[in-house]
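**Q** Need coordinates for the below:
(chains A, B, C and D)
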Amino acid sequence: MENLIALLVAAPLLGAVVLLCGGRRLDAVGHWIGTALAACSFVIGVVLFVDMLGKDAEHRALMQHLFSWIPVEGFQADVAFQLDQLSMTFVLLISGVGSLIHVYSIGYMEHDERRRRFFGYLNLFLAAMLMLVLADNYLLLYVGWEGVGLASYLLIGFWQHKPSAATAAKKAFLVNRVGDMGLSIAIMLMFTTFGTFAFGPVLEATGETSEGKLTAIALMLLLAACGKSAQVPLQSWLGDAMEGPTPVSALIHAATMVTAGVYLIVRSGEIFNAAPDAQLVVTVVGAVTLLFGAIVGCAKDDIKKALAGSTMSQIGYMILAAGLGPIGYVFAIMHLVTHGFFKAGLFLGAGSVMHGMNDEVDMRKYGGLRTYMPVTFVTFGLGYLAIIGFPGLSGFFSKDKIIEAAFAKGGTEGWILGGVALLGAAITAYYMTRVMLMTFFGEKRWQPDENGNEPHPHESPRSMTIPMIVLAFGSVFAGGIFAIGDRFLHWLEPVTEHAHGHPPVSALTVTLATMVVLVIGAGTAYVQYGRRPMPVVAPRGSLLTRAARRDLLQDDFNHVVLVRGGEHLTRSLVYVDHTLVDGVVNGTAASMGGLSGRLRKLQNGYARSYAVSMFGGVAILIAATLLMRAV
Amino acid sequence: MNPVNYLYLAALLFTIGATGVLIRRNAIVVFMCVELMLNACNLAFVTFSRMHGNLDGQVIAFFTMVVAAAEVVVGLAIIVSLFRSRHSASVDDASLMKL
Amino acid sequence: MSFPLLTATAALPALGAIATAAVPAARRTMAKWLALIVSLATLVLAAIVLVRFDPAGDRYQLTESRAWIADFGVRYELGVDGIAVALIALTALLIPFVILAGWHDADPLETGNTRWRPTQGFFALILAVEAMVIISFEATDVFLFYIFFEAMLIPMYFLIGGFGDRAHEHGEETASTQRSYAAVKFLLYNLVGGLIMLAAVIGLYVVAGNFSLTEIAEARANGSLDMATNTERWLFLGFFFAFAVKAPLWPLHTWLPNAMGEATTPVAVLITAVVDKVGTFAMLRFCLQLFPEASKWATPVILVLALISIIYGALLAVGQRDIKRLVAYASISHFGFIILGIFAMTSQGQSGATLYMVNHGISTAALMLVAGFLISRRGSRLIADYGGVQKVAPVLAGTFLIGGLATLSLPGLAPFVSEFLVLVGTYARYPVVGIIATFGIVLAALYVLVLYQRTMTGPVKPEVAEMPDLRVRELVVVTPLIVLLIFLGVYPKPLTDIVNPAVKQTMSDVQKKDPQPEVEAAK
Amino acid sequence: MSASAVHSLWTTAADPISKIDAPKIEYGQLSPTLIVIGAAIVGILVEAFVPRKSRYYVQMFVSVVALTAAFAAVVGLATSGYGTTKAGIAAMGAIAVDGPALFLQGTILLAGLVGLFTFAERRLDPEAHGNRVDSFAAQAASVPGSDSEQAAVKAGFTTTEVFPLLLFAIGGMLIFPSANDLLTLFVALEVFSLPLYLLCALARRKRLMSQEAAVKYFLLGAFASAFTLFGIALLYGYAGSVSYGTIAQVVDGTVKDVNPALADTMGNDVLLLIGAAMIVMGLLFKVGAVPFHMWTPDVYQGAPTPVTGFMAAATKVAAFGALLRLLYVVLPGLRWDWRPVMMGIAVVTMLGGAVVAITQTDIKRLLAYSSIAHAGFILAGVIAMTPDGVSSVLFYLGAYSFVTIGAFAVVTLVRDAGGEATHLSKWAGLGRRSPLVAAVFAVFLLAFAGIPLTSGFAGKFAVFKAAAEGGAGTLVVVGVISSAIAAFFYIRVIVLMFFSEPRPDGPTVAVPSPLTMTAIGVGVAVTVVLGVAPQYFLDLANQAGVFVR
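**A** Numbers count the residues shown, from 1 in each chain, chains lettered A, B, ... in the order given. Have a look, this model is predicted:
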């Protein structure tokens, strides 16, 4: 059975190779190949899943050792896979949602002449992502980690002729690199501490080293997670990443890749458990991002950017939960999965909308679309209900659990974190309602664009709607299936041991509170956007709004500090290199020339002056000889 | 009388000759100064020969004269040809090549 | 004495060079083919060396030893250890691509002059360089090594100064002056380094009485030859200076950007991918073996310089406006990594450094050659003159991107393995240094991606609108390199197996043990 | 001065002549010199009696035969062990026949032979009135630009006297390094100097410069030899003898019979030191060491290029030979006095030559300064004061002389309307016009620069090695630095030849006769052979490394 694991990765990888090297002759069938291979790895995943369910909880993990990768004195890195419940969860999510989005893309990218390449990249992403979650050591994980980074770079910049896209792609890669730096330092630390970086040995040996070391490792891992999961302070790339085609945003920047950070933290649970300080930092980062994303989401008029903000905030929830330790791990993953469904659904919905609106992204130019694209409306609506945590839908269960856990942290921390989580829930309700209203309700606000062709909103083709429907189902029921009878909890417990948190107030109270803030949030949004007509041109808005529109100014900060500063630094260094380092050398040469020129003058052509020099010479000679004798 | 005095004389002549080489412009004169130096050497040879009581010095003196004569032949030839082509025997005029 | 395989490997290209130079002016194409065939034959010989070499065997294998200049205590001694084998293979592998890539770079401008035969000269010189590089990898006699280490400069000098990019933004006149400036700079830098080394070589003779690496190293080991501390340090400095110039290490690097900028791309590849490796190789083989104590004594300073090279080179690469100069500064940064790995004095570091030499050779070759194809199409080296190439010539852009990703050492490609090993090895002994060096990977991403974005993406510039995609010849050059990059990135084991024993030897030379992992140390 | 001594002087003087027994001369051992001198005299007679048309060929024949024979004689002597076991003093103590002497004589003879070929070259200059002409004045006596000169040219005169002059010079040079007493030294010095003075004046083109060179060379040379002679006088005064052996003994204080007069002067080291310094100065002048070098550039530039080449090579060999013998045989007891001084001179010579050469614009002057720098390198070997030092110097001289002659021979090929185009700017793009010539010259330049695989490197290494072993490490460092500086201008010339565009009015490269080709070919061959496989010659030099006392 375990020999199938490699196939999970191999299938999409093969697809990538074939599609990217295949050349034009594959254009006709490229998308089918890609989709088929994605589906193929999903099927394998299901097979393995079924097989896994057959075993008892403790012996479900599968290992596959392929070959030893970098064998060097005292350094052992293998290409080996590990498939336990945690990985399995991700495998199913990734390959499942991935396949759906492949299908969706067939329709969405229909008119793009580089569709084959698009599917190649998608497959590449799947392969890398699966390797990430299947790796049995941190170094191999690192490969997947950067692999998904590359894929996301390629896909964000897929429409390279748009400078904005190219820049966004570059930015995403660079910010991620900063995170990757964290990961590689973490690996070095592990190597020097444990002499290895395979999950098993490292996580077992945590007891044998100092807390300080573990905290350091944990923080470095957190840095990595921040980069990949767009957490403060490395969140700036996610908004721009929306330059990519919408399926990409759905798959990579909502459902799967961005959640890799959560995976990393949960996977390294033992390390974090042994480093409370690090955990605290994690929770703080989560909390801050949670609000940050939410606030940004409120201000954006670009539908995708709004959703991106929400993604940030939702992942903030997960990170927060992961930071809570054993009481939170399971819920983090659970929310991750449900979020995978509904956020993907929402993005696909958004994509479908744009598809119908000539790729218009400004929600102020939408309005009243529900009549034009019913399927999209319904699926999007379900996703909406799910994300705001409408009772009974996925989001309800997963988010609720996280809020509980946050309170259960205990002490003031518990109250603060819980409060933040609640506040977040409210804001979520607010901005999602806003999106909903601006897009599907009110009267139509779109006009002909400059070259006069007015968008004709229409429902998307079957290939696009079906995935949306499937995901909608997921967003409706997944939560229930997982939560009721703690199925998911029991499923994951063997990997991420679970501790029951005891919130200071009863679970019911928390749930009710959540309901209340939900209603408040949604209500406010309705009051603001549902009742009065929406101005097509955004009003100037309050200071906060304007700041939020600019992603709370962190881009400006980056620009001033990093970009400008960097430019100055490099320019001055270029100058230094040319004048100083090079100047010294050229200076010596020049001075030699000068000296030579001066000495030349002595050779004045007069025989008598030559004689003088000889005479002087012999005088010196004699004097020196005598002197030598004297001393 | 102490032969050492002849050495002093020789040294004096030699110095005079050398100085002449350094300060006189006319090639012929310069050359004569060189000859003077050679003769100073001869004087020294003879004196030393006298002091050491062997004949080597005197023999060398004869050799020197011959060499000096040879030098005169060659030297004058060169100087004269220079003079004929430049109508001047000044060594300072002959400074085409410098630096 | 068995068949002198090593001599043959070096002699073949040498003879090939003479033959190529002798080809009559009119038969230009013949010269090209001759050179190509010779280089391929050399590749075969190198492959045989690779096969005949037994990692488990003695330190130096396939050894040859003949009397040469007894008076100077010099013998003609050849022998290869794992490191040398790897680098010889790299050299022999790259030269055919260099020749192919430079196929048209040396076609004479004026065909009238029958005396002037640039093409023959170009390829002959390339082969000559190959011969000298190979033999300096093989030499186990310090003097023999020195001879070719120095002599190598002359053909390189003519290659740099004699042949430049066809079209130059400032016209042929400035081009030629800049070229000769670059060539002279290259020569003088390396000559000064070499001469200082010469003083050290003589000093070594005075101290040791002969030049045999093995004998001296042995004598050093068993204490029968003990140098005064200061003597050893001075000699070490003499050697290291020359190698640091060649490598090149900050602040002795400024010749490289000029040389690589002005030379034709294949020659630039020759410089950075092959010739400069001799410098780092020699640090590993001569500095550490002959002067272990001094090496340890100098390590702190060298590490700092290497760090500076890494960061400084990367930052300057970001600041460049000229594609080739950018790659040059990137190489400076990479050489910083190599030197870091060598002097971290850990198995991982040194294995990493050795792999790095090979991988950097391949990756830079890939990136630089594609860049060359790009430049030859547009006739400008300025980044600003390009844009949107990706849309016009996707294959070119793709290969360029892969080369770039290799340069920023993306996991899955060969350079990642070596760079990570170097970092881990360094970190294990000098954590702070390791962490600072890690910033290099971010900067690498910066300059590569900026380069790619400016040249390949965005709206298509009118000048590049008609740009043709890669031709067959060019694909033949690039594809194998890329395949190799991926292979060595995924499965470097064959290489590490060859390198590891040699590294273990070196580690024992300097009497250094790898730092124990904390947990095991605790036990 | 005691009366008895004076009396004895008279009495010996008064002895009947018959008492004087005829000197015993080992003609066999002196044969090389005798052959050459003899041939030179024959050459004079040829000038006197052979009709002008056929003189050139006869002279050629005589000279070639003489030099070859002389070289054969040297080889014969060497093989029959006079270089090593049977080494000894000949001609009643006047001449030493030992390893260094034979090695240097061999070198000088070969250099002379090669030089002779360049002398005899008649293809380079355009034919004047249907006569092939060489690079010497048609009639040295005629005033430049005068009608008589025109007439001489029209008549197709050529100065075939250069051949006997060359032979005389070579003869003197053969004696110079083997001279075993100061008188012989001085005579030899003059014997090879005077012909050279004349040869310098005989250029066909640029005659004014040629004559100026001759004058400068002559006056300064005479000036220098006057000093030498005075030094000899003082040394004689100190030791009461001019024979090397005796002087050495006196210096060491191991002399047998000390008469009161000697005892008187022996105490007076000032005589010794000043004398030694003055003699050394004379030799340093010949080798062109700073500060006695200033004649070199001007003379090298003005003299006919073949002469320059020969001079640069052979004079250095002879002079360094004499210097070695003087320092190793006569003055070893004094080395603590002269060694530091010589080190100083070596340093300033190396650096001075290299630095000033950087800004030269005339190829011949450039080579002149480079020869000064090389003199510095050789001095480094001389100072070593070890057998290795001697052999390394011998090797260096051998290697250097052929490179030099070859280089100057190439210079003769590059010509324009005004004869040889020696200004560097005219050499621009030579590599494009005639790659072969440029390549050959590049090889010579690289040898000068001491790039490995050329004889220059082997020689430099040998010398520096000897110096380092002799404890003169500082000299090695200085030498390395100055080599670096020197590299700069050698490279400059190469850049000029290969990397810069040819000038429209650039010079043409004349196609020489086999004579010059041989000269250049030998130069290249020696350069490469001594660079790649120097062992045999090093052995030779080692065997020859011991002086006879």
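**Q** When you work out contacts or count neighbours from here on, use the C-alpha atoms and nothing else.
**A** Noted.
**Q** Please, which helix or strand holds the nearest residue to residue D:43 once chain neighbours are set aside?
**A** Distance criterion CA to CA, 6 or more residues apart in numbering or on different chains; nearest residue to residue D:43, sequence neighbours excluded, is residue D:164 at 5.0 Å. Using DSSP states H and E, residue D:164 sits within helix D:162-175.
**Q** what does that helix contact?
**A** D:32-34, D:36-37, D:39-44, D:59-60, D:63, D:95, D:104-105, D:108-109, D:112, D:116, D:119, D:184-185, D:188-196, D:199, D:314-315, D:318 (CA atoms under 8 Å, 6 or more residues apart in numbering or on different chains).
**Q** Next to chain D, which bits of chain B? Give me the list.
**A** B:18, B:21, B:30-31, B:34, B:37-38, B:40-42, B:44-45, B:48-54, B:56-57, B:60, B:63, B:67, B:71, B:74-75, B:78-79, B:81-82, B:84-85, B:94-99 (CA under 8 Å from any CA of the partner chain).
**Q** Show the model's pLDDT score for the residue of chain A found nearest chain C.
**A** Proximity to chain C, evaluated over chain A using CA to the nearest CA, is greatest for residue A:161 at 4.1 Å. Residue A:161 is assigned 86 on the pLDDT scale.
**Q** for residue C:172, same thing?
**A** Predicted confidence (pLDDT) for residue C:172: 66.
**Q** separation between residue C:416 and residue C:361?
**A** Computed as CA to CA, to the nearest Å, the residue C:416 to residue C:361 distance reads 13 Å.
**Q** next one: residue D:528
**A** Distance of residue D:528 to residue C:361, computed by CA to CA: 33 Å.
**Q** Look at the two and report which has more neighbours.
**A** More neighbours surround residue C:361 than the other of residue D:528 and residue C:361, with 27 against 20 (other CA atoms under 10 Å in any protein chain shown).
**Q** Verify the stated contact: that one with residue C:274.
**A** Yes: using CA atoms under 8 Å, residue C:361 makes contact with residue C:274 at a distance of 6.6 Å.
**Q** follow-up on the earlier one: state the pLDDT value of the nearest residue to the residue of chain A closest to chain C once chain neighbours are set aside.
**A** Spatially, and ignoring its direct neighbours in sequence, residue A:161 is nearest to residue C:458 (4.1 Å; CA to CA, 6+ apart). What the model reports for residue C:458 is a pLDDT of 87.
**Q** Three-state assignment for residue C:458, please.
**A** Per DSSP: H, G, I helix; E, B strand; the rest coil, the secondary structure class of residue C:458 is coil.
**Q** residues contacting residue C:181?
**A** residue C:161.
**Q** all helices of chain B, in order?
**A** Secondary structure of chain B (DSSP state H): helices located at B:4-23, B:27-52, B:56-86.
**Q** can you count the residues close to the residue in chain B that chain C sits nearest to?
**A** Nearest to chain C in chain B, going by CA to the nearest CA, is residue B:99, at a distance of 25.3 Å. Residue B:99 sits with 19 neighbouring residues when counted by other CA under 10 Å.
**Q** Please apply the same query to residue A:25.
**A** As a burial measure, residue A:25 scores 10 neighbours (other CA under 10 Å).
**Q** and the gap between it and chain B?
**A** 75 Å (CA to the nearest CA, to the nearest Å).
**Q** and the helices of chain B, which is most packed in?
**A** Ranked by mean neighbour count, those are led by helix B:27-52 with a mean of 25 (mean count of other CA atoms under 10 Å in any protein chain shown).
**Q** Can you name the residues bridging to the residue nearest to residue A:135 when sequence neighbours are not counted?
**A** Once flanking residues are discounted, residue A:135 sits nearest to residue A:81: 4.7 Å by CA to CA, 6+ apart. The partner list for residue A:81 in beta bridges (DSSP bridges) reads residue A:64, residue A:135.
**Q** Surely residue A:81 is in contact with residue A:68, unless I've mixed up the numbering?
**A** No: checked against CA under 8 Å, the pair residue A:81 and residue A:68 is beyond contact range at 11.9 Å.
**Q** More neighbours: which of those two?
**A** Shown here are residue A:81 and residue A:68; by other CA under 10 Å, residue A:81 has more neighbours (25 against 14).
**Q** so what's the more buried one up against?
**A** A:5, A:6, A:63, A:64, A:65, A:66, A:131, A:134, A:135, A:136.
**Q** now residue C:288
**A** Here residue C:288 is in contact with C:295, C:506, C:509, C:510 (CA under 8 Å, 6+ apart).
**Q** what's the closest of the residues you listed to residue D:448?
**A** Nearest to residue D:448 out of these is residue C:295 (CA to CA; 34.3 Å).
**Q** What's the mean pLDDT across whichever helix or strand the closest one is part of?
**A** Under the criterion of DSSP H and E, residue C:295 resides in helix C:292-319. Summarised as a single mean, pLDDT over helix C:292-319 is 93.
**Q** Please name every helix or strand in contact with that helix.
**A** Helices and strands touching helix C:292-319, by 3 or more CA pairs under 8 Å, 6 or more residues apart in numbering or on different chains; DSSP states H and E, are helix A:565-576, helix C:229-246, helix C:323-344, helix C:431-456.
**Q** Buried residues of the first one, list them for me.
**A** By neighbour count, and taking 16 or more other CA atoms under 10 Å in any protein chain shown as the criterion, the buried residues in helix A:565-576 are A:566, A:569, A:570, A:571, A:573, A:574.
**Q** do stretch D:389-406 as well
**A** D:389-406.
**Q** for residue 383, what are its contacts?
**A** Answering for chain A, as no chain was given. A:342, A:343, A:345, A:346, A:472, A:475, A:476.
**Q** please go with chain D instead
**A** Here residue D:383 is in contact with D:339, D:342, D:343, D:389, D:467, D:470, D:472 (criterion: CA under 8 Å, 6+ apart).
**Q** Model confidence for whatever residue of the stretch 51-200 of chain D ends up closest to chain B, exactly?
**A** The nearest approach of the stretch 51-200 of chain D to chain B comes at residue D:143, 5.3 Å away (CA to the nearest CA). What the model reports as pLDDT for residue D:143 is 86.
**Q** Tell me the buried residues in the strand ranked longest in chain C?
**A** As assigned by DSSP state E, the longest strand anywhere in chain C is strand C:61-69. Buried positions in strand C:61-69, judged by neighbour count with 16+ other CA under 10 Å: C:61, C:62, C:63, C:64, C:68, C:69.
**Q** Spell out which parts of the stretch 351-500 of chain D neighbour chain B.
**A** residue D:360.
**Q** in the stretch 351-500 of chain D, which spans are strands?
**A** For the stretch 351-500 of chain D, applying DSSP state E, counting those that start in this stretch gives strands covering D:414-416, D:419-420.
**Q** Which residue comes closest to residue C:404 once chain neighbours are left out?
**A** For residue C:404, the closest residue by CA to CA, 6+ apart turns out to be residue C:448, at 5.7 Å.
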